[in-house]
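[1] structural data only, the sequence is not supplied:
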């Protein structure tokens, strides 16, 4: 049985020899205030439904999105979508399989054919 | 399967909004699949600042909603990590210059690597099995790019992206 920690990557932001990251930029990017000063290291996880990388803020008190279907943490957006759809699990690995299957069959590799984690076609309109 | 490094030595990125064409030779690279079934994993991204003054830089690794047309190496460098690597028949296409410039997706940002390019360093490493992947060669899953977002004042930096085509 593996630990959730086995899925953790790492991000390092070294601002020790710089003026750091200004607060307005931190706000734009959503980084925690301590990420802009000194040496900041934090674990990350990759959302298994969309592959966004999420920096795990040690100060977070809200519950993280989690999927029992794939036993992975989710990003906030995919966690919300999963809850709204009643617990549907659609991993990015499934999406990759479908793209490869379409490619192998010579079908157009159009993302219009590919459903996203919310079961809607990916990128019907340019984003 | 061979790990490769797409690197740059000294580029001052142009801050570019989402869904706008990235400017040739002023982003840190794009990786585009070579076939409809090809998959590439991104294992690590690192940037080191070499700017001469404070330069908070909002750097994003993101999927592209418009993939590059005729992507060429430009001012990037691409090399295999293993000295014994044999060339793939159809390697992933990499570089930072194209006849049709890629456009970063407004919704599919994957990794936020904000740092100060006045001597700062930022590095992300994926856990095994948790890599970011690219599949096929069409938008928006077939290409990712590393570029500067609007809001900061990007300064000169070098970088590398370690990737592996499967």
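    Here it is on my side, so go on. A quick note: this is a predicted structure, and the numbers were derived from the prediction, not measured. Numbers count the residues shown, from 1 in each chain, chains lettered A, B, ... in the order given.
[2] in the helix or strand where residue B:7 lies, what counts as buried?
    Assessed by DSSP states H and E, residue B:7 sits inside strand B:2-11. Using 16 or more other C-beta atoms under 10 Å in any protein chain shown as the burial criterion, the residues of strand B:2-11 that qualify are B:2, B:4, B:5, B:6, B:7, B:8, B:11. In short, each C-beta sits where N, CA and C put it, glycine included.
[3] all strands for chain A, in order.
    A:9-15, A:38-46, A:53-55, A:65-67, A:72-74 (DSSP state E).
[4] isn't residue A:34 up against residue A:40?
    Yes - at 6.0 Å, residue A:34 counts as touching residue A:40 under the criterion of C-beta atoms under 8 Å.
[5] between those two, who's got more neighbours?
    Between residue A:34 and residue A:40, residue A:40 has the larger neighbour count (other C-beta atoms under 10 Å in any protein chain shown), namely 21 against 14.
[6] beta-bridge partners for the closest residue to that one other than its chain neighbours, please?
    Spatial nearest neighbour of residue A:40, excluding adjacent residues (C-beta to C-beta, 6 or more residues apart in numbering or on different chains): residue A:13 at 4.5 Å. Judged by DSSP bridges, the bridge partners of residue A:13 are residue A:40, residue B:122.
[7] from residue B:25, how far off is residue A:13?
    Noted for residue A:13: a distance of 26 Å to residue B:25, by C-beta to C-beta, to the nearest Å.
[8] which one's more surrounded, those two?
    Counted by other C-beta under 10 Å, residue A:13 and residue B:25 do not tie: residue A:13 has more neighbours, with 28 against 16.
[9] just for chain A, where's the confidence low?
    For chain A, the stretches with pLDDT under 70 are A:1, A:108-127.
[10] for it, give the residue positioned nearest to chain B.
    Nearest to chain B, among the residues of chain A, is residue A:103, at 2.9 Å (C-beta to the nearest C-beta).
[11] and the pLDDT at the residue lying closest to that residue once chain neighbours are set aside?
    Nearest residue to residue A:103 in three dimensions, chain neighbours excluded: residue B:36, at 2.9 Å (C-beta to C-beta, 6+ apart). On pLDDT, residue B:36 comes in at 90.
[12] phi first, then psi, for residue B:36.
    Torsion angles at residue B:36 (phi, psi; degrees, to the nearest 10) stand at phi -70, psi -20.
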